[in-house]
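>>> Generate a structure from the sequence data that follows.
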Amino acid sequence: MKELIPVCNIMGVDLAAINMPWLLEFTKEHIQELAGDYMCVSNVHTTVMSYDDKRYCAVQNGGIMAIPDGGPLSSVGRKRGFPNMERTTGPDYMKEILRISGKEGYRHFFYGSTEKTLDILEKTLKNGYPGVQIAGMYSPPFRPMTPEEDQEVIKMINESHADFVWVGLGAPKQEYWMAEHKGKIKGFMVGVGAAFDYEAGNLERAPMWMQKANLEWLYRLMQEPKRLFKRYFYTNTKFVWNAIVRGK
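Model (predicted):
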């Protein structure tokens, strides 16, 4: 199926040169074939991480596709000859899939975050998306799991018959987890970062004008300055130098 996906390589990452309507149609048409595979939701941070780390780059390129969650990625893609490439965020994709789930009969498993957030998320989803089928939820321990524990999790997810396995562990942990479980998990795995917190109300999305102006990173920075300042300073400057100035 990969041959069906237009790709723009930015700093070594094969980013899908797509938009949300294309992605939703592709998902509906191929959901059965997507079982057992994974999709990365890529932004400037993960792209720079991939540029610095060949192993992580292989993980980004190892799933069915890596979608351009970051606005600067789609902007670079359009300048490189992909006019239909638009910012396609993980939280928006999850929201759109949840909206059509009642009609399509999709089942969802949520892997990641805390028990408290998952409890709130379950209530929010049932109230906000009529007919949504929550196949299961699991908050993994912060420590590495034993092989036996991992097998139990795989069994639990597969026995839930989930079509989508939403993975909210944050980068790069979620991407490594999905790559390690490719072919073991029967559902379609999608790493969606902070989407659980957005849906549960723990974090607010940036206003639409900031999203359209590629400034959602700035809104996140204002919410979590201590955690994100160093990351954004390093990754943003490295991205501008390599992707925009050098054309990598």
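>>> buried sites along the helix or strand bottoming out on mean pLDDT in the chain?
When each helix and strand of the chain is scored by mean pLDDT, DSSP states H and E, helix 216-223 comes last, with a mean of 80. Residues of helix 216-223 classed as buried by neighbour count (16 or more other Cβ atoms under 10 Å): E216, W217, R220, L221. Bear in mind the C-beta positions are built from the backbone N, C-alpha and C, glycine included.
>>> got a list of what the closest residue to the first one other than its chain neighbours touches?
Residue nearest to E216 in three dimensions, not counting chain neighbours: A206, with 4.2 Å by Cβ to Cβ, 6 or more residues apart in numbering. Listed by Cβ atoms under 8 Å, 6 or more residues apart in numbering, the contact partners of A206 are L215, E216, L218, Y219, R220.
>>> Pretty sure Y56 sits against Q174.
No. Counting by Cβ atoms under 8 Å, Y56 does not reach Q174; the two are 11.7 Å apart.
>>> And the two? Which one has more around it.
Q174 (25 against 20; other Cβ atoms under 10 Å).
>>> pLDDT on the one helix or strand the more buried one maps to, on average?
Here Q174 is covered by helix 173-180, with elements defined by DSSP states H and E. Across helix 173-180, pLDDT averages out at 98.
>>> Name the strands paired with the helix or strand that it is followed by and say parallel or antiparallel.
Remark: after helix 173-180, the chain's next helix or strand is strand 188-191, criterion DSSP H and E. Strand pairing for strand 188-191, determined by DSSP bridges: strand 38-42 (parallel), strand 164-168 (parallel).
>>> Show me what the helix or strand following strand 188-191 is in contact with.
Sequence order places helix 195-200 as the next helix or strand after strand 188-191, per DSSP H and E. The contact list for helix 195-200, computed with Cβ under 8 Å, 6+ apart, reads 90-91, 94-95, 110, 112-113, 117-118, 120-121, 124-125, 128, 166, 168, 203-205.
>>> can you list the weak-confidence ranges in the protein?
Counting by pLDDT under 70, the chain has no low-confidence residues at all.
>>> Tell me which stretches of it form strands.
7-10, 13-16, 38-42, 65-68, 107-112, 133-138, 164-168, 188-191 (DSSP state E).
>>> out of those strands, deepest packed?
strand 188-191 (a mean of 29; mean count of other Cβ atoms under 10 Å).
>>> Show me where this structure has its helices.
20-34, 44-52, 54-62, 71-79, 90-104, 115-128, 147-159, 173-180, 195-200, 208-212, 216-223, 225-239 (DSSP state H).
>>> for these, which one sits closest to F188?
helix 20-34 (4.1 Å; Cβ to Cβ).
>>> ok and that closest one relative to helix 90-104, angle-wise?
Using axes from the mean of the first three to the mean of the last three Cα atoms, to 10 degrees, one finds that helix 20-34 and helix 90-104 are set 70 degrees apart in direction.
>>> Done for today, thanks.
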